[in-house]
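*Asks:* Here is the input, now give the coordinates:
(one chain, ligands or ions: 2)
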Amino acid sequence: MRLTRYFLPVLKETPAEAQIASHRLMLRAGMIRQQAAGIYSWLPLGFKVLKRIEQIVHEEQQRAGHIPLLMPTVQPADLWQESGRYNAYGPEMLRIRDRHDRDMLYGPTNEEMITDIFRSAISSYKDLPLTLYHIQWKFRDEVRPRFGVMRGREFYMKDGYNFDLTKEDALHAYNRHLVSYLRTYERMGLQAIPMRADSGPIGGDDTHEFLVLAETGESEVFYDSEITDLKFGDREIDYDSHEACAAILAEFTSRYARTDETHDEAVWANVPEDRRRVARGIEVGQIFYFGTKYSEPMGAMVQGPDGKQVPVHMGSHGIGVSRLVGAIIEASHDDKGIIWPEGVTPFHCGIVNLRQGDSATDAACESLYSALTAAGLEPLYDDRDERAGAKFASMDLIGLPWRITVGPRGLEKGVVELTSRRTGESEELSAEAAVERIKGIYAGV
Ligand code: ATP
Ligand code: MG
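*Replies:* Ligands and ions are numbered 1, 2, ... in the order given. From the prediction side, this is the model:
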């Protein structure tokens, strides 16, 4: 993309309404525009990052054997009356009436609808196990929408639902989700720690939240410092294997890690004092086993091997796709702007032309641009007639991890400059070598 043909409405001033870095930077970098409290348009740069995150979520869900579909945002109220949640949900639910006076709602989540889809089609245990998921907009009329996309009213979420014959199988689905989430967040350059969460009225400890450590996080968290040394890495996991998934769960959840809702001073006291950490975290996902809570009232039954009808065991599993854009920025920025991890960056690298209009420099930039594009990469070429300082400031603000700077002085020596946004380190090399380096970096992402 050439910057002169793009739509990147960066702001010079720091917006006064934004209280935290990610919100400020998303506004300044022209990623989003607020349309109403907690409701945003995703401008081209923000939209690109959202789509990269969505793509990683799809790939990792499907790697784990989960099947994508798409349910609507607007739902009929009847389904929620069946489960009993229509009255229980409260003012967070956006209730709508259509022209025929039918009660509708903008979905805050989809347990009821997916259960309805399941019961309409499946009646035998032979069709299990099954996990269906979608990535769709949700609406929750939050009391205090704030921090930009981190706590919106309209937000984008992956929600998946498992259907299993037995509790044991459903717990395997739970473990499988935990494993796939670890891999998902690491691909985005994030460390998200699974923490034992509050299961509310359902009881038991079959729910974990995934938290990204950040000073601006809304949850207070308590954890054993050893946990931050754990890396999932590029392990190959057989997602069908109960043992393999259970082993990973044990590895990542055996050390103390809890939010303030489940924090227990007595257990905490057993963690060696020098390893106790109290910090803040951003919730980027949650997994849940809830048994027959919806299948029973809604009649989602299957015939078991013994011929008897039994309600299926279910769980639901969410990832905050739009919140992740903010969470990644909270975890990765400096005073000049965003620093995108390679896995989610909107463009793979920037090209800065230091002397726009100089025929040799323009030609060198064009040739870099074509070489990168031919390699399947997306460069952002700053071809504006602007001072070098302004170009560098824009690139630093929007946070592309790599920048290639092209100027007449370097070209005389046959070199361009390759700079890492994260470390600030630069090196001089030929244009061909720079292209090879960028290709190599993204080959492993
Ligand atoms: P919270 O405690 O932050 O209100 P939640 O526990 O109610 O969230 P879940 O129902 O678990 O949310 O939804 C799954 C994921 O969706 C959350 O882990 C979070 O990342 C994201 N999410 C929830 N509410 C919002 C929101 N208002 N804006 C953006 N993302 C959200
Ligand atoms: Mg949650």
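*Asks:* who touches the helix or strand where Ile193 lies?
*Replies:* Assigned by DSSP states H and E, Ile193 belongs to strand 192-196. Residues from elsewhere that reach strand 192-196 (C-beta atoms under 8 Å, 6 or more residues apart in numbering): 178, 181-182, 185, 205, 207-213, 221, 223, 227-228, 252-253, 257-259, 262, 281, 284-285. C-betas here are computed from N, CA, C, even on glycine.
*Asks:* Briefly note if that strand comes near ligand 1.
*Replies:* No: Strand 192-196 lies apart from ligand 1 when judged by C-beta under 6 Å from any ligand atom; the minimum separation is 9.9 Å.
*Asks:* quick revisit: tell me which of the contacts of strand 192-196 fall in helices.
*Replies:* Mapping these onto helices (DSSP state H) picks out 178, 181-182, 185, 252-253.
*Asks:* Sticking with the closest residue to Arg52 other than its chain neighbours, tell me its helix or strand.
*Replies:* With sequence-adjacent residues excluded and distances taken as C-beta to C-beta, 6 or more residues apart in numbering, Arg52 is closest to Val344, at 4.6 Å. In this structure, Val344 is located outside every helix and strand according to DSSP H and E.
*Asks:* same deal with Ile114?
*Replies:* Assigned by DSSP H and E, Ile114 belongs to helix 111-121.
*Asks:* wait, does that helix make contact with ligand 1?
*Replies:* No: judged by C-beta under 6 Å from any ligand atom, helix 111-121 makes no contact with ligand 1; its nearest approach is 10.3 Å.
*Asks:* Between strand 192-196 and the lengthiest strand in the chain, find me the angle.
*Replies:* Taking DSSP state E as the criterion, the chain has its longest strand at strand 276-291. Angle of strand 276-291 versus strand 192-196, following axes from the mean of the first three to the mean of the last three C-alpha atoms, to 10 degrees, is 70 degrees.
*Asks:* Could you check strand 276-291 and say which residues are buried?
*Replies:* 277, 280-291 (16 or more other C-beta atoms under 10 Å).
*Asks:* So which of those residues reach ligand 1?
*Replies:* 283-286.
*Asks:* Which two among those are spaced furthest apart?
*Replies:* Val284 and Gln286 (8.9 Å; C-beta to C-beta).
*Asks:* so what sits against both of the two?
*Replies:* Counting by C-beta under 8 Å, 6+ apart, the common neighbours of Val284 and Gln286 are Phe210.
*Asks:* doesn't Thr405 fall inside a strand?
*Replies:* Yes: according to DSSP: H, G, I helix; E, B strand; the rest coil, Thr405 belongs to a strand.
*Asks:* What parts of the chain come near ligand 1?
*Replies:* Residues of the chain lying near ligand 1 by C-beta under 6 Å from any ligand atom: 109, 140, 142, 151-152, 155, 157, 283-286, 318, 320, 322-323.
*Asks:* returning to what we had before: now the buried members of the contacts of strand 192-196.
*Replies:* So, by 16+ other C-beta under 10 Å, the buried ones in the contacts of strand 192-196 are 178, 181-182, 185, 207-213, 221, 223, 227, 252-253, 257-259, 262, 281, 284-285.
*Asks:* separation between Asp116 and Met71?
*Replies:* Between Asp116 and Met71 the computed distance is 10 Å (C-beta to C-beta, to the nearest Å).
*Asks:* Taking this protein, what residue is nearest to ligand 1?
*Replies:* Relative to ligand 1, the nearest point of the chain is Gly320 (2.1 Å; C-beta to the nearest ligand atom).
*Asks:* now that residue, nearest residue through space, not along the chain?
*Replies:* Per C-beta to C-beta, 6+ apart, closest to Gly320 is Val284, 5.3 Å.
*Asks:* secondary structure class for Pro341?
*Replies:* Under three-state DSSP, the three-state class of Pro341 is coil.
*Asks:* Surely it is in contact with Glu186?
*Replies:* No: with contact defined as C-beta atoms under 8 Å, Pro341 does not reach Glu186; the gap is 9.8 Å.
*Asks:* Okay, now the sheet partners of the longest strand of the chain, with direction.
*Replies:* strand 207-213 (antiparallel), strand 219-224 (antiparallel), strand 313-320 (antiparallel) (DSSP bridges).
*Asks:* Gly38: how many residues sit nearby?
*Replies:* Using other C-beta atoms under 10 Å, Gly38 has 21 neighbouring residues.
*Asks:* With Leu324 instead?
*Replies:* Using other C-beta under 10 Å, the number of residues around Leu324 comes to 30.
*Asks:* do you know how far it is from Ala433?
*Replies:* From Leu324 to Ala433 the distance is 34 Å (C-beta to C-beta).
*Asks:* One more: Gln19?
*Replies:* For Gln19, the distance to Ala433 - C-beta to C-beta - is 44 Å.
*Asks:* Those two: which has the busier surroundings?
*Replies:* Counted by other C-beta under 10 Å, Gln19 and Ala433 do not tie: Ala433 has more neighbours, with 14 against 11.
*Asks:* Confirm that that one sits in a strand.
*Replies:* No: Ala433 is assigned helix when assessed by three-state DSSP, not a strand.
*Asks:* Following element in sequence after the longest strand of the chain, please.
*Replies:* Counting by DSSP H and E, the next helix or strand C-terminal to strand 276-291 is helix 295-298.
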